[in-house]
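Undergrad: generate coordinates for the sequence data below:
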Amino acid sequence: MLISLSPNRVTGNSFFVSSEISGRELSAPSNLTTTGLKATEFTLKWTAANGAIDGVAGYDIYRDGELVGSTPDSPSTLLITGLFPLTSYTMTVVGRDNAGNFSPPSAALIVMTPADTK
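TA: Coordinates of the predicted model:
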């Protein structure tokens, strides 16, 4: 069994076990989009990762490189809250499989919150 430690591709300072253990790499989540965009929140949606022999266990969601939430494998959405009006946020999603491996991060989605209309 080969175990290799690599820097986390999102934060650069954590480590994860390579997918070489399961023999099949998990693909990156894709097609990040938003719905319900408001001044202080939005829902982030994405297309599921695939390719893991052990199945997709869930997703870690990052805002500007910081972990802001985790989800089970389905649904592929997360409500992002605590935002500020007229602010730009960079969102990425990383998949996790049942063997503890991580996918590459998704392509980044830059989201600009609108002005507060109160």
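Undergrad: ok, the residue nearest in space to the middle of the chain - contacts?
TA: The centre of the chain sits closest to V93, judged by Cα atoms, centre = their mean, with a distance of 1.4 Å. Residues near V93 by Cβ atoms under 8 Å, 6 or more residues apart in numbering: 29, 32, 44, 46, 59-62, 105-106. Heads up, the C-betas are built off the backbone N, CA and C, glycines and all.
Undergrad: M91 too?
TA: Contacts of M91 by Cβ under 8 Å, 6+ apart are 32, 44, 61-63, 80, 108-111.
Undergrad: all strands of the protein, in order?
TA: Assigned strands in the chain, in chain order: 5-7, 15-17, 30-35, 42-47, 56-63, 66-72, 77-80, 88-97, 109-112 (criterion: DSSP state E).
Undergrad: can I get those in JSON lines with mean pLDDT?
TA: Below are the strands of the chain laid out as JSON lines (pLDDT from 0 to 100):
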{"stretch": "strand 5-7", "mean pLDDT": "45"}
{"stretch": "strand 15-17", "mean pLDDT": "44"}
{"stretch": "strand 30-35", "mean pLDDT": "97"}
{"stretch": "strand 42-47", "mean pLDDT": "97"}
{"stretch": "strand 56-63", "mean pLDDT": "95"}
{"stretch": "strand 66-72", "mean pLDDT": "95"}
{"stretch": "strand 77-80", "mean pLDDT": "96"}
{"stretch": "strand 88-97", "mean pLDDT": "96"}
{"stretch": "strand 109-112", "mean pLDDT": "98"}
